[in-house]
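Undergrad: Turn this into a structure:
(chains A, B and C)
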Amino acid sequence: MRQRGIEIVVTLFAWLSGLLLLCSILAVLVYLIVKGYSALNLTLIFGEADPWQAILLRERVFDGLFPAIVGTLALVTLSIIWAIPVGVATGIYLSEYAGCFSRKALNLCFDVLSGVPSIVVGLFGFAFTVFLHKHYSSQIKPCLLISSIALSTLVLPYIIRTTQAALEGIPRDIRLTALALGATRFQNIVLVLIPRSLQGIMSGVILSIGRCAEDTAVIMLTGAVASAGIPAGLTSQYEALPFFIYYISSQYTTPEELGMGYGAAIILLIICALLFALAFVARKGLSHATLYRP
Amino acid sequence: MKKTFVMKMAVSLIAMSISALPVFAADIDAFRGEKGEIKISGGTAHIPVMKEAAQRIMSKNPGIQISIAGGGSGVGIKQVGEGLVNIGNSGRKPTDSEISRYSLKMYQWAVDGVAPVVNPRNKVKQLSKAQLAEIFAGKVNNWKQLGGVDRKINLYTRDEASGTREVFWEQGLSKGRIAPSANVVISNGAMKSAVSQDPYAIGYVSVGHIDRTVAAVTLDGVTPTIRTVQDGSYPIARGLYSNTKGAPAGLTRKFIDYLYTPSGKAIIKKHGFIPVR
Amino acid sequence: MRALWELLAERFALLSAIASASITLLILLFMAYMGLPAIKNAGFFQLLLSPWYPYAGMYGVLPMIVTTIRLSLLCLAFAIPLSLGCSFLITTIAPRTVAKSLRRMIELMTGIPTVIYGFVGIFLLVPLLREMLESGSGMCILAAAMMLAVMISPTMTLFFCDSFDRIPRSYLNAADALGASPIQKLFYVTLPSARAGMLNGVVLGLGRAVGDTLIALMLAGNSIDMPESMLDSARTLTAHIALVFAADYESPEFSSIFTCGLVLYVFTTMTTLFVRYYGRGEAGRA
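TA: Numbering: from 1, shown residues only, chains lettered A, B, ... in the order given. Okay, here's the model as predicted:
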């Protein structure tokens, strides 16, 4: 009898928590959509400028999200450009070249790095900038370049781990086949192992892209500002979508601005959802593309 | 006799306004053909004016890029001193040590006040200076002690870098204590949103920022409006400064000069401040 | 020629590895170096134990440390039952199809940006708390803890599910052979065997709760006082860094944020090390 009682309680508890979690998150999403849905139109993104002219960069956009969206895109692209070569190469080193001791030491370092809070990474980026500014060149200021480097530091552990896991997951016989046929280690890696592990690497990359797009703490300290237009170059300050949301949530001056905040939140959600879906598709689809070459 | 006088007045008025138009246009013309970047940071009260001025300049001159950040007066002074930005705004006069350390040049382009504000739904809208000090020190902590509802008073204050906070603390609270349990917000805009959302809040904000979402508190019988700040009857006043490291040159110089032109002054007036002559 | 490529490739990989690993150390070094003025002035341990009153010359971070501890513990108090219940649901109690789609949905939820939780928290949760509790501004540790729990629960749930899935099939088969019901199996076989994995999940969740900036910054009020209860407005270490980082570089306030950074770094390193060695030890024994 008591068993039945316990079982009922546990079942109830499990269903309740599941429902509670789902409902809380649904509440968040539905609230956003309800409040922001009316703000979703082209004026939200382009303000009073003509959309085509703005996209072709011929007309400046004020009061629109376009600069923030472009800033986020530029930031994410740059961060991934820094992070992929270093991360993939490190992952390759860890799984292929590293000896026992260095593997342990490096794994420890990357585990620690993945646990460091994002604001500490941002603080490090800021401190590094200040240090360089004082001791090397007064031209160095918080900007797009520094933000992207700091952000790439944040996502490096993801890429390293997924690359290493993907490479180590390749079965032994496939690993040895090319070597048995006389290929060098390098040829083996480039021609056999990497193509096989591409889907794992890609899912790590897409995870990192999502992380870069949504992060606020790092960019807050290293160069994102409230109003900057389209970033003119690597050394300019820039706007970003998550920073805009944070900024507008505390400092909106009119209901229209708040509506823009909701709209921006919906756009950010859509971007992250798309990236997630992309990661899912990549995991399934990429294996086809890489293995069945005509 | 009267009719011709009126006619003359009308004609001269029309002539003056027509002749003023090229002057307005000429203010922006100073930037024609310029290229470059201006980085501005600092006081959050200045941001609306900076944003509009930047918008006007940038829409006529695509080669110019102006970026504006907030952070508070302390940040503005420090960043311009360190050379991280071209113009550092502050809502308080830089101290002598700051001026000598960073070789700052100050340009005051507006007069503003700092007013205590409460939520528009709050019945308590008049306070004496002594009461204000007691509220912010935490000694009076329920609205019913002041004739309002029986709810705890929620204090809102600014972060340490804020010039608005400095001015309010010196002149409004006579350097009295601000209770450590006060919620901290990071800009004038944030203070406004916080007070407008919380029916039991009290905070302080730049007079130029006050609109329908918050209610200014009448202090010792004087309501803080831009007019009472101007004629001096409202005591808590401050200047809005733009500071540069050394004498400004080139684009930066032109931007600061723009703030003193008629169109610049019109922008300043529009956002609720008093332009300096 | 080929040998040259070989060498270059290996050297490049080695260089990348060293560069990445050194970043970990660099962060620690910079925190220590930039925090040096504050440390020299007041002594590191004194900084950890004194309150923050810049006007009185005190630049300690004790209230922030206490707030961080209270916030993360409160958050875990909400998140652990929630995640446990959900993981029970997914692995044992719900029917297969429901469990699969539930898991998919929770995986999707891990991708929601933090800033959105904070944003909705300000406009939905804070007024709700203010009216329900009838005191305070609604911006308090409780609000931040609730939102934080909702944020880390999906990740913790998935972690728990993964550690349940890793239990050897033979254990589960043995329980089935003895006639155990699913829930009995859960309680008497799965949970004890997955203890290490679950502890890992909890510790990682703790690390995330401690390191989160935006939710604490936007929802907890940021006052400098020592919090007396969870209904008080308070400031965490992470929010303190975000609020004060723009102060004067030479000032003791600025150096104090590096103390915060150092504390955060050391704490998350300790949780990482704990997860590595405790998890490894337990798994070895099991």
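Undergrad: in chain B, what secondary structure element scores lowest on mean pLDDT?
TA: helix B:2-29 (a mean of 57; mean pLDDT, DSSP states H and E).
Undergrad: Regarding B:M191, which helix or strand does it belong to?
TA: Element membership for B:M191 (DSSP states H and E) is helix B:188-197.
Undergrad: CA atoms only: put that helix into CSV for me.
TA: Output of helix B:188-197 as CSV, limited to C-alpha atoms (Å, rounded to 0.1, in the frame of the first residue of the first chain):
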residue,chain,number,x,y,z
ASN,B,188,18.6,59.0,-15.7
GLY,B,189,16.5,57.0,-18.1
ALA,B,190,16.7,54.0,-15.9
MET,B,191,15.7,56.1,-12.9
LYS,B,192,12.7,57.3,-14.8
SER,B,193,11.6,53.8,-15.8
ALA,B,194,12.1,52.4,-12.3
VAL,B,195,10.1,55.2,-10.6
SER,B,196,7.3,55.1,-13.3
GLN,B,197,6.9,51.4,-12.8
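Undergrad: Return the list of helices and strands in contact with the next helix or strand after that helix.
TA: Of the helices and strands lying after helix B:188-197 in sequence (DSSP H and E), the nearest is strand B:201-206. Contacts defined by 3 or more Cβ pairs under 8 Å, 6 or more residues apart in numbering or on different chains; DSSP states H and E place strand B:201-206 against strand B:104-118, strand B:154-158, helix B:163-167, helix B:188-197. The way it works is simple: take the backbone N, C-alpha and C, and place the C-beta from them, glycine included.
Undergrad: I'd like these written out as a markdown table, with distance to chain A and mean neighbour count added.
TA: A markdown table is the format used below for those (distance: least, Cβ to the nearest Cβ, whole Å; neighbours: other Cβ atoms under 10 Å in any protein chain shown):
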| stretch | distance to chain A | mean neighbour count |
| --- | --- | --- |
| strand B:104-118 | 14 | 23 |
| strand B:154-158 | 11 | 25 |
| helix B:163-167 | 13 | 25 |
| helix B:188-197 | 3 | 25 |
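Undergrad: and these as JSON lines, adding mean pLDDT and distance to chain C?
TA: Formatted as JSON lines, the helices and strands packed on strand B:201-206 follow (pLDDT from 0 to 100; distance: least, Cβ to the nearest Cβ, whole Å):
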{"stretch": "strand B:104-118", "mean pLDDT": "90", "distance to chain C": "13"}
{"stretch": "strand B:154-158", "mean pLDDT": "91", "distance to chain C": "4"}
{"stretch": "helix B:163-167", "mean pLDDT": "87", "distance to chain C": "11"}
{"stretch": "helix B:188-197", "mean pLDDT": "87", "distance to chain C": "7"}
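Undergrad: Next, count neighbours for the residue in the stretch 1-150 of chain B that chain C sits nearest to.
TA: Closest to chain C within the stretch 1-150 of chain B is B:V75: 4.1 Å, counting by Cβ to the nearest Cβ. Neighbour count for B:V75, taken as other Cβ atoms under 10 Å in any protein chain shown: 28.
Undergrad: Just the element for it, please.
TA: Short version: B:V75 belongs to helix B:73-82, going by DSSP H and E.
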